[in-house]
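Asks: quick one, fold the following:
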Amino acid sequence: MRILIVEDEQKLANALSEGLTNMGYAVDTLGDGTKGFTRISIHHMDYDLVILDLMLPGMDGKTICSLMRERNITIPILILTARDEVDSKVDLLLSGADDYLVKPFSFEELNARIQALLRRPAAAQPAILHIKDIELDPAKHTVKRNEKSVPLTLKEFVMLEFFMRHPNQAINREELLSHLWDFNYDSFSNVVDVHVKNLRKKLGDENGQNLLETVRGVGYKLNG
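Replies: This is a model prediction of the structure:
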């Protein structure tokens, strides 16, 4: 999935971006609160999660939270804060944050919070996803078909997860690029088609039919 990190501590931002990218997420980072809110306002449909530092130059994380919710932007928000007072935590949740982490924290704890938030869409999703005989476990990064393990690359895995979270929906290439690759990616590349082709090959056919259907003039659809 695609994550926006708004964090002005460059060293921490780089570490978070590298760690999450290595886990298969597409990650964008910004170091200024005002720029972060502008990005969210314009491109909020492209993101699945926003990680906000509480104390930011330009506009603080709590203000960004409040303005997002006022504008009915419903992306999950995880706040990073050095404050450990109970009152500030309550204020953060009341301002619209979905969760918070007090610095310093372990990367394992961050990943657990992210997994919990990404399983919390408008319509609740199960922890383990199933489409026909395919089973995908986001936490363990495993895929099985007919109880047999299917080895996938990180990008193939997150692409399949995206399809499984949107079964029977025709998804265009631009939407896949916007959710699974960062802002710097070349939108004219045929990388989506290549990854879909590889996914089809690894998943195999079901009664001679591909689960991943090409929808002419639109993109692809995972038949559930």
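Asks: which residues in the chain form helices?
Replies: Assigned by DSSP state H, the chain shows helices spanning 10-22, 33-43, 61-70, 86-95, 107-118, 154-165, 173-180, 191-203.
Asks: for D133, which of those is the nearest?
Replies: Between D133 and those, the shortest separation by C-beta to C-beta is 9.9 Å, and it involves helix 191-203. Just so you know, the C-beta spots here come from the backbone N, C-alpha and C atoms, and that holds for glycine as well.
Asks: tell me the mean pLDDT for that closest one?
Replies: For helix 191-203, mean pLDDT is 87.
Asks: do the same with stretch 4-23
Replies: For stretch 4-23, mean pLDDT rounds to 93.
Asks: would you mark the buried spots in stretch 212-221?
Replies: Across stretch 212-221, burial judged by 16 or more other C-beta atoms under 10 Å covers 212, 219-221.
Asks: may I ask which two of those residues are separated the most?
Replies: Every pair of those checked by C-beta to C-beta; the farthest is L212 and G219, at 10.3 Å.
Asks: burial count for the residue nearest to D98 when sequence neighbours are not counted?
Replies: Leaving aside its sequence neighbours, D98 sits nearest to P76 (C-beta to C-beta, 6 or more residues apart in numbering; 4.7 Å). By the measure other C-beta atoms under 10 Å, the count of residues near P76 is 21.
Asks: also G19?
Replies: 14.
Asks: correct me if wrong: it contacts F107.
Replies: Yes - contact criterion C-beta atoms under 8 Å: G19 and F107 qualify, at 5.4 Å.
Asks: and the chain, what are its domain boundaries?
Replies: 2-118, 129-222 (automatic domain parsing).
Asks: most tightly packed of those?
Replies: Among those, ranked by average contacts under mean count of other C-beta atoms under 10 Å, first place goes to domain 2-118 (a mean of 17).
Asks: nearest to L4 among the helices of the chain would be which one?
Replies: Among the helices of the chain, the nearest to L4 by C-beta to C-beta is helix 33-43 (6.6 Å).
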